[in-house]
Structures are given as C-alpha cells and as structure tokens.
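Asks: Sequence and predicted model, in that order:
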Amino acid sequence: MTLRFHKMHGLGNDFVVIDARKGAVALDAARVRALADRRTGIGCDQLILIGPGTETDVTMRIWNGDGSEVQACGNATRCVPVLLGRDCTIETVAGTLHARLADNGATVDMGAPRFDWEALPLAFAMDTRRMPVGWGLLDTPAAVGVGNPHLVFFVDDPYAIDLAAIGPEIETDPLFPERINVNVAGIRSRGEVVMRTWERGAGLTQACGTGACATFAAGRRLGLLDATVRLDLPGGALTLAESDDGHLLMSGPAVHVFSGETSL
Ligand SMILES: N[C@H](CCC[C@H](N)C(=O)O)C(=O)O
C-alpha cells in the first residue's frame, strides 16, 4: 500500500510529514526508522503524523529518526500551517499549540516553559537554574521543559565545542531517565544568541526549535536576555519573544520541498 508524504524543513531540520486526516496510518518505531533512513528510506530528522482534531484543527505526533516518540518539535510545528495553508490549532501530547502563517514561515505559541525538575524529568531533585553537574568542558547547565526536555549550556563559543562527541554522553546520562536534548549557546548581546543542538534521538541537526525556545527561556530566567531575541542556529535564524503571560512565541521559516509516495 503506497503512503503519501510531504518533505518539509525548518532551517534545515527536516521532516517527513504524513497527512492522515482522511485515513489512519499505522506507524511503529521500525517503520519510522525505515522512513527516516537517509540511504534506504526518504530521510529526515523527525517523522510527523498529522491527524484530524476534535477540539483543534489537527493533531500532531512526532517521532525522532531513531524511532522514539516525543512530545514536541518546534520547527515541525511551524510546518503545519504552511502545509494547511492557514492558521491552525494543533493538539499534541504536550498540549494545544496555536500556529499562525507569517512571512515565509509561521509564528507558533509554544506555551510557557517549565523549570521544575520533575517536568523534565531528572532522576532526582536539583536546582534547574544552574545545575551542579558537568561533562568535559561543559558544566553548570540550565534545564528547561518545552514539552520536551532540554539542557542549555551557556559558553563563549558554541562552535568550539565538540558537540558530536559530548552530546551522546550527556543525552544518555542516567540523570535523564527519558534522555535529553543538549544545547550550547553563546550570548552575543541581550538580543542575540548563537547556538547549536545535539538532539535526543536525532543527533546534530541544522536547527532545533524547542532548543531555541529552551535557550531563550533559560536566558530570560537568568536575567541575561531581553524579551525579544534573535537566535542564530547553523541552518539560520529564529526570533523568540516572551508574551505578557510568559508564553514563548517562536517565529521563523518553514518550507515545503516536495511531495511523494512510498511503499515503505
Ligand atoms: N529531538 C527532540 C524532538 C525534535 C525537536 C526539534 N527538531 C525541534 O525543532 O524542536 C526530542 O527528542 O525531544
């Protein structure tokens, strides 16, 4: 049976998007890995399944390329209104998100960040503002939940960190029972951050939307950033703003590259 898909990306963080609003699509970890494989499949960082909403326009489920299902994906959330061609509400396991079409992409209200250790979760109680832990050259991170769990290390130069080496060690540390996404960020001014991400279940990506949200939220919590910030990721820039009610508003590109069919 052929499966229709859309190939999309947000700043090079790429997705296979399956629109199952008109008919259920069976997915499991093995099929996700097959579809995500960049040699024998279509290839993507995450696989996104869109379904019919009841209280919202659509539902969205997210799997990393390793087959793990996760709670949030910022860059993919911006792809949904682009695919639908209109503003929309999206139900995810992490809650309802509101997405608006904007110039060359979308703006998404990613909700309020969480800072309690149980939300991430951590294996035991810890101050998530400046955690008393370290791995190699990286230490004293902040921890932030944006539907999915993130560590944020503020460093002088994110490109001087061998993230491909240290990322998997941190991702799978027993302190993180559900693993974790790892962000390294350099603050250039109160309005500009340069950052990179080692993603849980996907590795180094060109961009991580929830990582940008977590980095912004951590910087705001530490009094280091203004209420609107440009974040420069390897694949391009996102704008993060804090709303009056403390929500994270993320704006940036989202591109539909091609549609196709597969028998995978
Ligand atoms: N790797 C993440 C999911 C994808 C997040 C990222 N692609 C984004 O744009 O937010 C996790 O395991 O929580």
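Replies: Nice, I can see it.

Asks: Check which helices and strands the top helix by length along the chain is in contact with.
Replies: What stands out as the longest helix in the chain, according to DSSP state H, is helix 209-221. The elements that helix 209-221 packs onto, with contact taken as 3 or more CB pairs under 8 Å, 6 or more residues apart in numbering; DSSP states H and E, are helix 74-84, strand 142-145, strand 149-154, strand 181-189, strand 192-199, strand 228-233, strand 236-242, strand 248-253. Backbone N, C-alpha and C define where each C-beta goes, glycine included.

Asks: got the angle for that helix vs strand 228-233?
Replies: 130 degrees (axes from the mean of the first three to the mean of the last three CA atoms, to 10 degrees).

Asks: Quickly check: helix 209-221 near the ligand or not.
Replies: Yes: using CB under 6 Å from any ligand atom, helix 209-221 comes into contact with the ligand via 209, 210.

Asks: that older thread, turn the helices and strands packed on helix 209-221 into CSV, including distance to residue 15.
Replies: Formatted as CSV, the helices and strands packed on helix 209-221 follow (distance: least, CB to CB, whole Å):
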stretch, distance to residue 15
helix 74-84, 5
strand 142-145, 22
strand 149-154, 19
strand 181-189, 16
strand 192-199, 13
strand 228-233, 16
strand 236-242, 16
strand 248-253, 13
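
Asks: mind checking how far residue 159 is from the ligand?
Replies: Distance check for residue 159 against the ligand: by CB to the nearest ligand atom, to the nearest Å, it reads 20 Å.

Asks: One more: residue 12?
Replies: Relative to the ligand, and taking CB to the nearest ligand atom, residue 12 is found at 11 Å.

Asks: If you tally nearby residues, what's the number for that residue?
Replies: If you count neighbours by other CB atoms under 10 Å, residue 12 ends up with 16.

Asks: Now it. Its backbone dihedrals?
Replies: Backbone dihedrals for residue 12, given as degrees, to the nearest 10, come out at phi 90, psi -10.

Asks: didn't it look like it was pressed against residue 209?
Replies: No: with contact defined as CB atoms under 8 Å, residue 12 does not reach residue 209; the gap is 11.7 Å.

Asks: Next, count neighbours for the nearest residue in space to residue 150 that is not next to it in sequence.
Replies: Of all residues not flanking residue 150 in the chain, residue 214 sits nearest, at 3.5 Å (CB to CB, 6 or more residues apart in numbering). Neighbour count of residue 214, defined by other CB under 10 Å: 31.

Asks: And the one 5 residues further on, by the same measure?
Replies: For residue 219, the count of nearby residues is 22 (other CB under 10 Å).

Asks: and the nearest residue to it once chain neighbours are set aside, how many neighbours?
Replies: In space, and not counting its chain neighbours, residue 219 is closest to residue 225: 3.6 Å by CB to CB, 6+ apart. For residue 225, the count of nearby residues is 24 (other CB under 10 Å).

Asks: for residue 123, same thing?
Replies: Neighbour count for residue 123, taken as other CB under 10 Å: 12.

Asks: Name the SS class of it, please.
Replies: coil (DSSP: H, G, I helix; E, B strand; the rest coil).

Asks: Which residues of the stretch 1-150 of the chain lie near the ligand?
Replies: 13, 45, 46, 64, 70, 73, 74, 75, 148.

Asks: Would you format those as CSV with pLDDT and neighbour count included?
Replies: Shown next, in CSV, are these (pLDDT from 0 to 100; neighbours: other CB atoms under 10 Å):
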residue, pLDDT, neighbour count
13, 98, 30
45, 98, 27
46, 98, 24
64, 98, 25
70, 98, 24
73, 98, 30
74, 98, 27
75, 98, 34
148, 98, 28
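
Asks: Using CSV, please lay out these together with distance to residue 129.
Replies: Shown next, in CSV, are those (distance: CB to CB, whole Å):
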residue, distance to residue 129
13, 27
45, 29
46, 29
64, 27
70, 24
73, 25
74, 22
75, 26
148, 19
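
Asks: out of those residues, who's nearest residue 159?
Replies: residue 13 (17.8 Å; CB to CB).

Asks: Quick check: the gap between the closest one and residue 191.
Replies: To residue 191, residue 13 is 23 Å away according to CB to CB, to the nearest Å.

Asks: All set, thanks.
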